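Participant: dropping the sequence and predicted coords here.
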Amino acid sequence: MDMLWNGWGDPAKAAPLPETVTGLLRDLLGVKPRSTPALGLEDVRPPAPTAAPAALRALAAAVGDEHVRTDAESRVRHTRGKSTPDLLRLRAGDVTDVPQAVVLPADHDEVLAVLRACAAHGLAVVPFGGGTSVVGGLAPQRSAFVALDLRRMNGLLDLDPVSRTAVLQPGLRAPEAEALLAEHGFTLGHFPQSFEWATIGGFAAARSSGQASAGYGRFDEMVLGLTLATPEGTIETGRAPRSAAGPDLRQLILGSEGAFGVITSVTVRIRPLPEVRVYEGWRFGSFQEGAAALRRLAQDGPRPTVLRLSDETETLIGLAQPDAIGADLTQGGAGCLAITGYEGTAEDTAYRRERAAAVLTDCGGTLAGTEPGERWAHGRYSAPYLRDALLDVGAFAETLETAAFWSRVPELYTAVRTALTDTLTRAGTPPLVMCHISHVYENGASLYFTVVSAQGEDPVAHWTPAKHAANEAVLAAGGTISHHHGVGTDHRDWYVREAGPLGVSALRAVKRRLDPEGLLNPGVLLPTD
């Protein structure tokens with residue numbers, strides 16, 4: 001099944017906002033209903049492909065005629081990603097950067113053949129997994145490009161139960177990967193908000209981080225090996241779990257966002273399926289108090305599998321549990337809601353849960369029971385659907401994330417909130433800015449912001465200055481420009497500043513060697529020459 005073309009996920013799961021929430025948006029933020037009806041997919045008419053017939057024949061020779069698609073619907077469905085600006089442009093019928101064709105290879109050799117054909121005919125290539133990028137990762141700065149859809153490469157190639165490793169193809173969606181691993185008694189343990197639609201290759205290409213990262217780790221920590229197809233040939237990495245044989249080439253491929261090559265297989269660490277899963281809620285008097293409690297668990301243990309904290313505003317609105325938006329699920333109490341989750345054997349889970357409870361209580365937390373935690377687990381993938389419902393009623397809703405060392409987290413939190421609030425208020429659309437700590441480490445944490453406001457006359461132009469102001473605030477406060485969404489085009493100019501001139505020059509040298517014609521996702525991650 002394909003994702004909703006102008007929104008998120010399964011169309012059957014889309015639901016309108018309750019009238020109480022719509023009224024709150026109207027009264028609090030001045031949100032007005034949309035003045036123009038939404039376009040249907042049949043109403044969107046992309047320009048005809050301009051690729052030379054010889055180029056299309058070469059692509060067909062690489063993958064077969066039936067796996068090169070030039071029809072309007074296929075091309076529109078592969079236009080851009082799922083950020084709010086992406087969706088607003090699609091909803092307005094703007095498909096000026098539509099791909100020339102959609103190409104579906106079946107294996108590594110066919111990917112290489114496609115890359116050779118594209119190099120011969122000057123076509124850029126954008127690897128396409130689940131299409132879930134929210135940072136402009138599918139918006140190349142080249143008009144003549146093909147979308148390389150990896151959905152046919154969706155298998156479990158190997159599973160080693162002794163070493164606890166699995167080799168997965170890049171087009172395998174996360175639920176399918178979990179189902180295949182579960183047949184053998186294992187799990188990957190990677191559950192980002194995009195879980196239902198994102199793919200294994202996309203997780204690696206964007207350095208994804210899942211909601212259970214406190215227990216299972218980030219996706220880049222799970223990757224033991226990668227195979228990369230480039231216009232110049234193949235790179236294979238990962239002969240052992242760790243190595244001192246020079247710099248780790250895996251780290252060069254992880255986070256490369258299709259700019260260096262196409263990931264065609266990923267070897268991952270797997271874990272036994274947990275015997276039990278328990279999620280619960282904790283109340284704290286303030287975000288500062290809750291953050292101190294999370295830091296203590298992250299640094300001194302025991303660390304839960306899931307550990308996250310919503311600030312006062314997010315808790316009040318109920319966004320900590322999107323399936324119950326509009327309700328204060330801290331049972332009427334002020335302050336902040338934290339979610340803790342424990343997965344593993346019954347004995348280990350009970351032990352960690354008891355010890356963590358003692359730490360959280362000592363830090364001022366009050367147990368709110370399992371209901372808030374179970375509600376969070378039930379609605380953990382609902383927020384993108386909520387974003388679509390907000391757009392439907394004329395609200396603007398977008399997210400951004402960053403991370404910093406613990407000592408910088410308070411300053412980073414204040415700086416980003418201030419930048420967003422001041423910029424949007426000056427534009428005449430005062431926002432509601434919410435935040436939660438989404439991932440914790442011994443040395444720092446990630447902050448995930450959600451912004452809701454009226455759309456303004458031109459929603460994309462309305463958001464751009466606020467996004468830029470937030471990016472500036474992130475760098476000024478000592479944060480990283482992205483913790484898990486990636487760089488894409490939205491963060492590229494700030495990533496260049498974060499990496500520094502010499503670092504960027506080194507990455508450019510890598511790209512020139514692997515992709516001499518600059519055909520791989522041009523303008524994403526690095527500026528075009």
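Facilitator: Received the coordinates, thanks. Residues are numbered from 1 along each chain as shown.
Participant: ranges for the helices of the stretch 201-350 of the chain?
Facilitator: 213-216, 219-222, 249-253, 287-300, 312-317, 346-362 (DSSP state H, counting those that start in this stretch).
Participant: so for the third one, mean pLDDT?
Facilitator: I take that to be helix 249-253. Helix 249-253 carries an average pLDDT of 96.
Participant: just the fifth one next, same as before
Facilitator: Helix 312-317 shows an average pLDDT of 92 in the prediction.
Participant: now do the buried residues in that helix.
Facilitator: For helix 312-317, a neighbour-count test (16 or more other Cβ atoms under 10 Å) marks 312-317 as buried. The way it works is simple: take the backbone N, C-alpha and C, and place the C-beta from them, glycine included.
Participant: again with stretch 439-451
Facilitator: Buried residues in stretch 439-451, counted by 16+ other Cβ under 10 Å: 439-441, 444-451.
Participant: circling back: of the buried residues of helix 312-317, which is the nearest to Thr366?
Facilitator: Distances from Thr366 to the buried residues of helix 312-317, taken as Cβ to Cβ, are shortest for Thr315 (13.2 Å).
Participant: so what's the nearest residue to that closest one once chain neighbours are set aside scoring on pLDDT?
Facilitator: Distances taken as Cβ to Cβ, 6 or more residues apart in numbering place Leu337 nearest to Thr315, at 4.5 Å, with adjacent residues excluded. Note for Leu337: predicted pLDDT of 97.
Participant: isn't Leu337 up against Glu312?
Facilitator: No. With contact defined as Cβ atoms under 8 Å, Leu337 does not reach Glu312; the gap is 9.5 Å.
Participant: please give me every residue in contact with Thr132.
Facilitator: Residues near Thr132 by Cβ atoms under 8 Å, 6 or more residues apart in numbering: 81-82, 194, 197-198, 202.
Participant: with Ala469 instead?
Facilitator: 419-420, 422-423.
Participant: and the furthest pair within the buried residues of stretch 439-451?
Facilitator: Top of the distance list for the buried residues of stretch 439-451 (Cβ to Cβ): Tyr441 and Val451, 24.8 Å.
Participant: what comes up buried for stretch 210-228?
Facilitator: 210-220, 222-228.
Participant: what's the answer for stretch 146-155, then?
Facilitator: 146-151, 153-155.
Participant: for the stretch 401-529 of the chain, which segments count as helices?
Facilitator: 409-426, 459-476, 492-499, 501-514.
Participant: out of these, nearest to Gly171?
Facilitator: helix 501-514 (21.1 Å).
Participant: what's the closest one packed up against?
Facilitator: Where contact means 3 or more Cβ pairs under 8 Å, 6 or more residues apart in numbering; DSSP states H and E, helix 501-514 is not packed against any helix or strand.
Participant: now do that helix against helix 492-499, angle only.
Facilitator: 120 degrees (axes from the mean of the first three to the mean of the last three Cα atoms, to 10 degrees).
Participant: buried residues in helix 501-514?
Facilitator: For helix 501-514, by 16+ other Cβ under 10 Å, it's 504, 507, 511, 514.
Participant: now the last one: closest residue in space, sequence neighbours ignored.
Facilitator: Just to be clear, that refers to Leu514. Nearest one to Leu514, counting by Cβ to Cβ, 6+ apart, is Thr230 at 4.3 Å.
Participant: and Asp422, by the same measure?
Facilitator: Ala469 (7.4 Å).
Participant: what sits against Gly261?
Facilitator: Residues counted as contacts of Gly261 (Cβ under 8 Å, 6+ apart) are 228-230, 235, 253, 514-515, 520.
Participant: let's see it at 7 Å
Facilitator: With contact set as Cβ atoms under 7 Å, 6 or more residues apart in numbering, Gly261 has these partners: 228-230, 235, 514, 520.
Participant: wait, Tyr385 sits on Ala12?
Facilitator: No. Applying Cβ atoms under 7 Å as the test, Tyr385 and Ala12 come out as separate, 10.7 Å apart.
Participant: phi, psi of Thr199?
Facilitator: phi -120, psi 160 (degrees, to the nearest 10).
Participant: where's it relative to Met434, distance?
Facilitator: In this view, Thr199 and Met434 are 28 Å apart by Cβ to Cβ, to the nearest Å.
Participant: give me the more crowded residue out of the two.
Facilitator: Counted by other Cβ atoms under 10 Å, Thr199 and Met434 do not tie: Thr199 has more neighbours, with 30 against 22.
Participant: just give me the neighbour total for the nearest residue to the more buried one once chain neighbours are set aside.
Facilitator: Spatial nearest neighbour of Thr199, chain neighbours left out: Gly129 (3.5 Å); criterion: Cβ to Cβ, 6+ apart. Close neighbours of Gly129, defined as other Cβ under 10 Å, add up to 28.
Participant: same question for Val167.
Facilitator: Under the neighbour criterion other Cβ under 10 Å, Val167 is assigned a count of 18.
Participant: for the record, mean pLDDT for the helix or strand containing it?
Facilitator: Element membership of Val167 [criterion: DSSP states H and E] is strand 165-168. In this model, strand 165-168 has an average pLDDT of 98.
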